[in-house]
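In: Generate coordinates for the sequence data below:
(2 chains)
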2 protein chains.
Amino acid sequence: MKRIAFLLVAFAAVVGIAVLKAPASGQADGQAAPIYGVKIPSGYRDWELISVSEIAAGDKSQLRAEFGNDIAIKAFQERTLPFPDGAIIVAQHWAKVSSPDNDKILSLAPMVAGLENPKSFVPGSRINAQFMVKDSKKYASSGGWGFADFKDGKPGDEALHKTCFPCHEPAKAHDYVYTHYAP
Amino acid sequence: MKRIAFLLVAFAAVVGIAVLKAPASGQADGQAAPIYGVKIPSGYRDWELISVSEIAAGDKSQLRAEFGNDIAIKAFQERTLPFPDGAIIVAQHWAKVSSPDNDKILSLAPMVAGLENPKSFVPGSRINAQFMVKDSKKYASSGGWGFADFKDGKPGDEALHKTCFPCHEPAKAHDYVYTHYAP
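Out: Alright, predicted model coming up:
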């Protein structure tokens, strides 16, 4: 009887874990982006990190984080190319802003982490998020990837989405993905 | 019999999940840092992202990612202060390097994401990783936090670790933590 009870607890735990994990599994909701029909995968902010990056133009810059669902992360870690169907990659872009609070602290130490008089920059507001969804059959004409660009939860227009694949085409040797896994 | 078999599968699944999750649960291995005795928590690179940041000094900069274990992430998301015992926060620091490959692509588009002639920066080699481990009793004399700074898997010396708490003290109102959860 005790064993059965234990197994039942184990079973409940499995169901519980399945329920908890559901939002991060790539189920999508909300509006679909034009051309590819990609929706925002729920829970992507909790996905594992592929890398971070910055796009800078003068004093206007973005801090970025690239997340992957479990299929994408596994492929990055095992250097699997092409990415398997089901892989989803997200690039979250924030405005890069300075942190006066952090700078005040940094100013107390002339040298931090080998850097002289360093300044701190952190994510400000969200700018947009970009998604790549691998489905080699559905998206055969765009390298097996469906693309989407969302701002405030709303997809960009068709003209914007026409620029996605041409911009990723030069990265064909890495299955159209620019981001590399950060060490 | 079928039910028993199913429960056994469920049980195996739980054990399997437990084994898979173990490296990310905060178990530590390797050398301990001086003063606080903090070791590197295994699997932290797979933890959820708290935020990204940059520390810049002239042309020498670092891209950074802050990760949290489940206890820390929950506290950040629910704005729980002070952080509960068991919370671990990691700051992974990389050299910020330019990406000529990305820049070549960006140069084809005069305007990317609202930025004119942008340049791309990505993580280079790892510089160091810093850890904060919450244990309000064990680390009562340093705000409840144990600190550690590791480079290439090896902890810094005692002199370095003496600087951790004084530098975090000004952030007392946010339980000595500078990083905020990125939106």
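In: how many neighbours does A:Gly153 have?
Out: Counted with other C-beta atoms under 10 Å in any protein chain shown, residues neighbouring A:Gly153 total 11. The way it works is simple: take the backbone N, C-alpha and C, and place the C-beta from them, glycine included.
In: Does it touch A:Gly30 like I think?
Out: Yes. Here A:Gly153 reaches A:Gly30: they are 6.1 Å apart, a contact under C-beta atoms under 8 Å.
In: Give me the common contacts of these two.
Out: The contact sets of A:Gly153 and A:Gly30 overlap at A:Ile40 (C-beta atoms under 8 Å, 6 or more residues apart in numbering or on different chains).
In: helix, strand or coil for the nearest residue to A:Thr163 once chain neighbours are set aside?
Out: Of all residues not flanking A:Thr163 in the chain, B:Ala109 sits nearest, at 7.8 Å (C-beta to C-beta, 6 or more residues apart in numbering or on different chains). The three-state assignment at B:Ala109 reads coil, by DSSP: H, G, I helix; E, B strand; the rest coil.
In: what separates B:Ala109 from B:Tyr36, distance-wise?
Out: To B:Tyr36, B:Ala109 is 48 Å away according to C-beta to C-beta, to the nearest Å.
In: These two: which has the busier surroundings?
Out: Shown here are B:Ala109 and B:Tyr36; by other C-beta under 10 Å, B:Tyr36 has more neighbours (22 against 14).
In: Roughly how far does the more buried one sit from A:Leu49?
Out: B:Tyr36 sits 26 Å away from A:Leu49, going by C-beta to C-beta.
In: returning to what we had before: and the residue nearest to A:Thr163, what pLDDT?
Out: Looking at B:Ala109, its pLDDT stands at 71.
In: what's the span of stretch A:108-121 from first residue to last?
Out: Stretch A:108-121 has an end-to-end distance of 17 Å (C-alpha to C-alpha, to the nearest Å).
In: So for it, what gets flagged as buried?
Out: Residues of stretch A:108-121 classed as buried by neighbour count (16 or more other C-beta atoms under 10 Å in any protein chain shown): A:Val112, A:Ala113, A:Leu115, A:Pro118, A:Lys119, A:Ser120, A:Phe121.
In: check those residues against chain B, which are close?
Out: The residues of the buried residues of stretch A:108-121 that also fall near chain B, by C-beta under 8 Å from any C-beta of the partner chain, are A:Val112, A:Ala113, A:Leu115, A:Pro118, A:Lys119, A:Ser120, A:Phe121.
In: Now the last one. Nearest residue, chain neighbours left out?
Out: The spatially closest residue to A:Phe121, leaving aside those adjacent along the chain, is B:Glu54, at 4.2 Å (C-beta to C-beta, 6+ apart).
In: tell me the mean pLDDT for the host helix or strand of A:Leu160?
Out: Assignment of secondary structure by DSSP states H and E places A:Leu160 within helix A:158-162. For helix A:158-162, mean pLDDT rounds to 95.
In: Check which helices and strands it is in contact with.
Out: For helix A:158-162, the packing partners by 3 or more C-beta pairs under 8 Å, 6 or more residues apart in numbering or on different chains; DSSP states H and E come out as strand A:145-151.
In: Which of the residues in the strand it packs on are classified as buried?
Out: Buried-residue list, strand A:145-151, by 16+ other C-beta under 10 Å: A:Trp145, A:Gly146, A:Phe147, A:Ala148, A:Asp149, A:Phe150.
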